[in-house]
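Peer 1: Whatever this is, show me its structure:
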Amino acid sequence: MMNMSLSNKLVILACSFFFLQVVAQKDDAFNLKIKKREIQKSGTFLGLEKGKYLTLNFGVERQWQHVKLVKPTTSALNLQFDYNLIQNTMGMQTGVWQKAGRMNITYGARLFWRTDFSAHHQFGFAPNVGYKISQAHLQLGVNIARTPNFDFIGNVFYASLRWVFIQSRTIKKK
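Peer 2: Sure thing, here's the model as predicted:
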């Protein structure tokens, strides 16, 4: 059995330390690459919109979720149909929203068209802000009509709550 002297141990320790210092200076020496994932989800949704009037809405939505450790994002595109049973009005909306970070706050906008099956129609734009948790999405917004028709029965300010039923999910690794 061989005994190493203290000076030999110190030389080996110093060489190891300097070797690690040199290797650590390389950019990719200790780079832990975490694979980013993109999740695409699509499905139908059912919801209620409440303002001055209560409206039932249903449609389809496609979500793109970029899963990252820092600043994950989710974006979505949707097409929705609205119907108010009491006032007999129907509408169609297409919208987008985006969620950045982990606070679950969403920002979005919609383009809408509504009719009451007579001469009254409305076209417009609706910015909104919301909160999304799991598949539930609460949005608050204002409908800004491009063709203001004061005889038309519809919500100016609204709160919308919907639930998305995911039917398709694809995971891509980058």
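
Peer 1: Which strand residues bridge R162?
Peer 2: Counting by DSSP bridges, R162 forms beta bridges with G47, H137.

Peer 1: For it, the count of nearby residues, please.
Peer 2: Using other Cβ atoms under 10 Å, R162 has 22 neighbouring residues. For glycine as for every other residue, the C-beta is placed from the backbone atoms N, C-alpha and C.

Peer 1: Spatially central residue for the chain, please.
Peer 2: The residue lying closest to the centre of the chain (Cα atoms, centre = their mean) is T74, at 3.1 Å.

Peer 1: Might one say that that one is in contact with V96?
Peer 2: No - between T74 and V96 there is no contact under Cβ atoms under 8 Å: 11.5 Å.

Peer 1: what pLDDT, on average, does the strand or helix carrying Q40 get?
Peer 2: Per DSSP states H and E: Q40 is located in strand 37-50. For strand 37-50, mean pLDDT is 94.

Peer 1: and what of stretch 81-93?
Peer 2: Across stretch 81-93, pLDDT averages out at 91.

Peer 1: Buried residues in that stretch, which are they?
Peer 2: 82, 84, 89, 91, 93 (16 or more other Cβ atoms under 10 Å).

Peer 1: quick one, helices of this protein?
Peer 2: Secondary structure of the chain (DSSP state H): helices at 6-24.

Peer 1: for it, what spans make up the strands?
Peer 2: 37-50, 54-67, 73-84, 89-100, 105-115, 121-133, 136-142, 144-145, 157-173 (DSSP state E).
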